[in-house]
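In: model this:
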Amino acid sequence: MAKIMCLVFCFLLGSSCNKTPSKQKPNILLICVDDLRPELKSFGVEYISAPNIDDLGANGFTFQQHFVNAPSCGPSRYTLLTGLYGPPGNNALFLRAKKIEEGSEEVHPSMPEWFKTHGYTTVSVGKVSHHPGGRGGKDWNDSTIIEMPNAWDKHLMPVAEWEHPRGMMHGLAHGEIRINRNEMDVLQAVKGDDNIYPDGAITDEALHQLGALAENNEKPFFLAVGIIRPHLPFGTPKSYLDRYDGVQLPEIQHPEKPEGKTTWHKSGEFMAYNRWGKDPNTDSVFADEVRRHYAACVSYADAQVGKILNELKRSGADKNTIVILWGDHGWHLGEHAIWGKHSLFEESLHSPLIMHYPGMKNIGSQTDAIVETLDIFPTLCDLTGIDIPEFTQGMSLKQVLEDPNRDGHPAIAYRSNFSTIRTETHRMTLHQDGFVELYDHTTVEKETKNIADQHPELVEKLKSVLNARLQ
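Out: Predicted coordinates for the structure are as follows:
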């Protein structure tokens, strides 16, 4: 009789006495910030005002030695979104899309596609892949040219008064669109609220999507949000620039152009904008102005991060959501006489990585383990209980998250004619013609003194590891 009553009771509840309902897999919120240096309080630098990112670090886990796999937007985001090394150009994902269109069997599922096939709703807002909104064409809004086929249920890019995604990408206040770069000011600060610049519209759409995903909780969601600032041009509401009035900026480290053969370049992306005839390498006042505007853009981006995290908490979805904040690469602010990215020096490759996940034990912890962007895909699989695909070239960081003292692994990066490997103590950069740079990060000279000739055995060892990883 008791057994019959139990079966009836279970039937009425729509469940089984022998089964415990499985808990829904955790959601994923991935926040990508363009050109973000690890120059934040959560990474040991005091003068930048980014309270929301720092709060995420204080309640999460910071990877102090995270390195991207390429010093440019497109190839770096390729590695994030595929878990694979790839082409070195900004068209990396479009090349992959072309292979898919041609029916190539060599193309593996992207990270969002992998989660989509495992029951996730996938949504992208803003600049997540290289082209904000994930489309090609003249104005980056041609729906027949998709940057990441099969990846997103929604791939969104609001344009507001900037007319199209290309206009948003390099937009300044009140709908100003870049036509000729040399006619657009490299710096700008205009009075107004956050929506006078493009990231305001991106964030509003992200809040809308987040609210809808949290409300319709039948499936876990993978929401990626790409914030454009502090990408050039350095335009921001003036209130964020005002935060830096009277703030003492730290000295620029090793500001001289390096001697000998390196991956130094002429900062063409920055120098092409209207600079009023000024050069920050020779004009210290202008250099200071550039750095303050960059800092203001970071503060503006941080405010957007804060709005997104507040909405996540308001919705209640924060209790079952993994949050990752990732910078797509660093940015030189005068180090090695470079103003921009695209080098294989530390400043181009070192970027923030912060994670928080439900039930994490080491809240507020940090690690000095060397890790790289490729590790994010397998880590998210590991944290959600989804199989890690065999094709990914990174490794899960779950063990490091559980024990911050664990070792990491060498980080690889590349440009078209160069590749580099970063270990705990050294960086070696290999040129296509065989020339080698070797720097010792345990010395005060760091990446200003090439010691390759003094350590041939170490060079050969690092070459072997680098070549094996990139094969």
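In: CA atoms for contacts and neighbours, from now on please.
Out: Noted.
In: Name the spans of the stretch 351-471 of the chain whose pLDDT lies under the cut-off.
Out: Along the stretch 351-471 of the chain, no part satisfies pLDDT under 70.
In: so where do the strands sit in it?
Out: 353-356, 365-372, 411-415, 418-422, 426-431, 436-440 (DSSP state E, counting those that start in this stretch).
In: Quick one: neighbours of residue 454, just the number.
Out: For residue 454, the neighbour count with other CA atoms under 10 Å is 10.
In: just residue 152 next, same as before
Out: 21.
In: now the strands of the stretch 351-471 of the chain in TSV, with distance to residue 165?
Out: Shown next, in TSV, are the strands of the stretch 351-471 of the chain (distance: least, CA to CA, whole Å):
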stretch	distance to residue 165
strand 353-356	26
strand 365-372	29
strand 411-415	26
strand 418-422	31
strand 426-431	35
strand 436-440	39
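In: any chance of those strands in TSV, plus distance to residue 260 and mean neighbour count?
Out: Listed next are those as TSV, based on distance: least, CA to CA, whole Å; neighbours: other CA atoms under 10 Å:
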stretch	distance to residue 260	mean neighbour count
strand 353-356	32	24
strand 365-372	28	22
strand 411-415	19	25
strand 418-422	15	23
strand 426-431	13	24
strand 436-440	10	22
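In: Out of those, flag the one nearest residue 140.
Out: For the strands of the stretch 351-471 of the chain, the distance to residue 140 is smallest for strand 411-415, at 24.2 Å, taking CA to CA.
In: Report all helices and strands that the closest one contacts.
Out: Judged by 3 or more CA pairs under 8 Å, 6 or more residues apart in numbering; DSSP states H and E, the packing partners of strand 411-415 are strand 365-372, strand 418-422.
In: Just send these back as TSV, with distance to residue 310 too.
Out: Formatted as TSV, the helices and strands packed on strand 411-415 follow (distance: least, CA to CA, whole Å):
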stretch	distance to residue 310
strand 365-372	22
strand 418-422	36
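In: Tell me which of these approaches residue 347 most closely.
Out: Of all these, strand 418-422 sits nearest to residue 347, with 12.5 Å by CA to CA.
In: outside of that closest one, which residues touch it?
Out: The contact list for strand 418-422 (CA atoms under 8 Å, 6 or more residues apart in numbering) reads 263, 344, 370, 410-414, 427-432, 462, 466.
In: Let me see the contact set for the closest residue to residue 235 other than its chain neighbours.
Out: Among residues not flanking residue 235 along the chain, residue 188 sits closest, at 4.4 Å (CA to CA, 6 or more residues apart in numbering). Applying CA under 8 Å, 6+ apart to residue 188 gives the contacts 172, 233-236, 293.
In: Need the max-distance pair from those.
Out: 172 and 293 (13.2 Å).
In: Return every residue with contacts to both of those two.
Out: Shared contacts of residue 172 and residue 293 (CA under 8 Å, 6+ apart): 188, 235.
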